[in-house]
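1. quick one: sequence plus predicted model below, questions after.
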Amino acid sequence: MGLKYIEPIKSIILLLLVLLSVTFTFSIWTYSPQLATIEQSPTVDISIGSRKQVEDIIKPYKYVIKYDEALKGTTDQKIINNVLKEMKTWKISQMVYEPIEMSKAQMKSFFEQPNQFTLYFQGEVPLSVYDEILPIEDNNLRDFSFDRIVVKWNPKDVAFEAHFINRANRIRYHGKITPEYTMKSYRQIVLEGEKLPSYTEVNVQDPVYLAVPTEPINMIESTYYQEEISPTRFRDALFNDPNAVRRSQVDAKHEEFGDDHALLVVNTESKMLNFAHPAALSRKEADPADLLNDVIDSINEHGGWTDSFRYSYINPYSRYVRFQLFIHGYPVLGETPGMAPGMTEIAQYYGEDRVFRYIRPYYKLGFSFDENTVVLPSGIDVANELMEMEKLDFGTVEEITAGYTMRHDVEKRIFVMEPAWFYLAKGNWNPYTPVQGGGEQIGLE
């Protein structure tokens, strides 16, 4: 009789085991231990200044437009920005590369032709980088850089054509322009250009094209209070582990931040920084477009645009890129004697996937005061006087432009921006100094 109840008992036991298993499983799923709250570390913001788009960094400094009977031009950044805004609505297609090098005389003749306007850039701009600003419908662009854009128009059918010119090797790319609204572009650029100040082509025997203002120009002399950014913020941005960085006082004007891999030297008088990461050194020639993008990205990473700096120079062989300080739309090209070189520039050598050297100011221009209007002589008067200088081979002069000389008063903690004319010769910007009787030059040397 006992065997009669064995099977029911086994079934009951199996059911209890299943219910017990379900109960344990449910307990595990729903168990929520009381854990101590872990506070998250706040995200460290290493932004020092601002981040900028490519179109804010790569900008033309001069705009000249030539008609059949007149030459007009300006360095007014608002007007140039309006031209660029209209150009951004264009599409450039059917790009043609002209590998045959123009002679200097041919290039000068090209710039002298009517019904065209020219945009002037300080540095050679990789075409593939400028494609982000001016849309180019071509996926097979060569490695090519330019420092002038010439846009020609046909008065009969209002057709536009763009030419990208590299003056150093005298080679160009050109393509057809398709504006979004052709007549709008014609009105905004060609017709509005007739209202600009008069310019004059400098009559020089050498095969160089120079276009300068016909009349005296008004500029603003400004004084700025000196502000500065703590070097420790650059330490935090540039070193892999800021906590491992050692700080030492070298002398009354210099201090250093360093670890086992990099060194940051600070000049506390000139407010300049010099950062080096020796292991990042690369001797390979860089692709200009990649180099320029890498340097801009590296500065954007820590918001390094502390004032109005613009792209001005590149050397792919040494992997070097430089940016120039601009004030009121004009470049600050001169520094008074006694100032540390490079105080108006941001310069970087980009190495193997990171910054190799980084030289820049850590001062900031504060608010301006004591502004005065200064009248500079006309560009053509300056050109004529330069031609008369015995010590200057005028055939080496590539450009003449207005700009600023910066004077730093360390004791008063101010910067004074003084308007002046400059000329570019043999790759260097030189201040124009008026000639007095006897040929003695005054002003900056």
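-> Perfect, thanks for sending it.
2. buried residues of stretch 379-388, list them for me.
-> Within stretch 379-388, the residues scored as buried using 16 or more other CB atoms under 10 Å are Gly379, Ile380, Asp381, Val382, Ala383, Glu385, Leu386. All C-beta atoms are positioned from the backbone trio N, CA, C, and that covers glycine.
3. cool, and stretch 89-104?
-> For stretch 89-104, by 16+ other CB under 10 Å, it's Trp90, Ile92, Met95, Tyr97, Met102.
4. now, which of those residues sits nearest Gln205?
-> Met102 (18.6 Å; CB to CB).
5. for the stretch 301-445 of the chain, which segments count as helices?
-> 379-388 (DSSP state H, counting those that start in this stretch).
6. test my guess that Ile220 contacts Thr373.
-> Yes. Counting by CB atoms under 8 Å, Thr373 is a contact partner of Ile220 at 6.2 Å.
7. neighbour count for the two, which is higher?
-> Ile220 (15 against 9; other CB atoms under 10 Å).
8. can you redo the buried residues of stretch 379-388 as JSON lines with pLDDT?
-> What follows is those, written out as JSON lines (pLDDT from 0 to 100):
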{"residue": "Gly379", "pLDDT": "97"}
{"residue": "Ile380", "pLDDT": "97"}
{"residue": "Asp381", "pLDDT": "96"}
{"residue": "Val382", "pLDDT": "97"}
{"residue": "Ala383", "pLDDT": "96"}
{"residue": "Glu385", "pLDDT": "95"}
{"residue": "Leu386", "pLDDT": "95"}
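9. His174 and Glu98 touch, don't they?
-> Yes. Using CB under 8 Å as the test, His174 is close enough to Glu98 to be in contact (6.9 Å).
10. just to revisit the earlier point, nearest to Pro288, of the buried residues of stretch 89-104?
-> Tyr97 (16.0 Å).
11. for that closest one, what are its contacts?
-> Arg142, Phe144, Tyr173 (CB atoms under 8 Å, 6 or more residues apart in numbering).
12. correct me if wrong: Pro316 contacts Glu285.
-> Yes. Using CB under 8 Å, Pro316 is in contact with Glu285, at 5.5 Å.
13. between these two, who's got more neighbours?
-> Pro316 (20 against 12).
14. what about the more buried one, distance to Ala168?
-> 13 Å (CB to CB, to the nearest Å).
15. swap in Tyr311?
-> Distance from Tyr311 to Ala168, by CB to CB: 16 Å.
16. ok, these two, which is more surrounded?
-> Remark: of Tyr311 and Ala168, Tyr311 carries more neighbours, 23 against 12, as counted by other CB under 10 Å.
17. residue contacts, that one?
-> Ile57, Ile58, Lys59, Gln122, Gly123, Val125, Leu292, Val321, Arg322, Phe323, Gln324.
18. reformat these as CSV; add pLDDT, distance to Val416 and neighbour count.
-> CSV is the format used below for the contacts of Tyr311 (pLDDT from 0 to 100; distance: CB to CB, whole Å; neighbours: other CB atoms under 10 Å):
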residue, pLDDT, distance to Val416, neighbour count
Ile57, 97, 26, 19
Ile58, 97, 28, 22
Lys59, 97, 25, 21
Gln122, 95, 23, 25
Gly123, 96, 27, 20
Val125, 97, 32, 27
Leu292, 97, 32, 26
Val321, 98, 28, 26
Arg322, 98, 23, 19
Phe323, 98, 22, 26
Gln324, 97, 18, 21
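19. for these, which one is nearest Tyr349?
-> Val321 (8.2 Å).
20. nearest spatial neighbour of the closest one, skipping sequence neighbours?
-> Leaving aside its sequence neighbours, Val321 sits nearest to Val295 (CB to CB, 6 or more residues apart in numbering; 4.4 Å).
21. can you name the residues bridging to Phe257?
-> Arg247, Leu264 (DSSP bridges).
22. isn't it up against Ala244?
-> No. Contact criterion CB under 8 Å: Phe257 and Ala244 do not qualify, at 10.6 Å.
23. could you check which of those two has the larger neighbour count?
-> Shown here are Phe257 and Ala244; by other CB under 10 Å, Phe257 has more neighbours (23 against 11).
24. what is the three-state secondary structure of Val129?
-> At Val129 the chain is in helix, as set by DSSP: H, G, I helix; E, B strand; the rest coil.
25. strands of the stretch 151-300 of the chain, start to end?
-> In the stretch 151-300 of the chain, the strands defined using DSSP state E, counting those that start in this stretch lie at 159-166, 171-178, 199-201, 211-213, 217-228, 246-249, 254-258, 263-267, 272-276.
26. buried residues, the fifth one. List them.
-> Okay, so that is strand 217-228. Those would be Ile217, Met219, Ser222, Thr223, Tyr224, Gln226, for strand 217-228 by 16+ other CB under 10 Å.
27. how close does the fourth one get to Pro361?
-> Counting by CB to CB, the gap between Thr223 and Pro361 amounts to 17 Å.
28. do the same with Asp259
-> 23 Å.
29. where does the protein dip in pLDDT?
-> Residues of the chain meeting the criterion pLDDT under 70: 1-45, 435-445.
30. recalculate using a threshold of 80.
-> 1-46, 139-140, 337-340, 434-445 (pLDDT under 80).
31. helix or strand for Val83, which one?
-> helix 77-87 (DSSP states H and E).
32. surely Val295 is in contact with Gly351?
-> No. With contact defined as CB under 8 Å, Val295 does not count as touching Gly351 (10.9 Å).
33. please identify which of these two sits among more neighbours.
-> Val295 (26 against 21).
34. how about the contacts made by that one?
-> Val295 neighbours (CB under 8 Å, 6+ apart): Val321, Gln348, Tyr350.
35. one more: Gly342?
-> Met272, Ile359.
36. likewise for Met107?
-> So Met107 contacts Ile165, Arg167, Arg170, Pro207, Tyr209 (CB under 8 Å, 6+ apart).
37. just say helix, strand or coil for the closest residue to the third one other than its chain neighbours.
-> Computed as CB to CB, 6+ apart, the closest residue to Arg170 that is not its neighbour in sequence is Met102, at 4.3 Å. Under the three-state scheme (three-state DSSP), Met102 adopts coil.
38. quick check: the gap between Met102 and Ile171.
-> Distance from Met102 to Ile171, by CB to CB: 8 Å.
39. do the same with Trp153
-> 23 Å.
40. got it, and Val410?
-> Taking CB to CB, one finds Val410 at 46 Å from Ile171.
41. higher neighbour count, those two?
-> The residue with more neighbours, out of Val410 and Ile171, is Ile171; 20 against 12, by other CB under 10 Å.
42. next up, the contacts around the closest residue to the more buried one other than its chain neighbours.
-> Using CB to CB, 6+ apart and skipping residues adjacent in sequence, the residue nearest Ile171 is Glu101, 5.9 Å away. Shown in contact with Glu101 (CB under 8 Å, 6+ apart): Asn169, Arg170, Ile171.
43. quick one, phi psi at the second one?
-> Think Arg170. phi 60, psi 40 (degrees, to the nearest 10).
44. list the contacts for it?
-> Glu101, Met102, Ser103, Lys104, Gln106, Met107.
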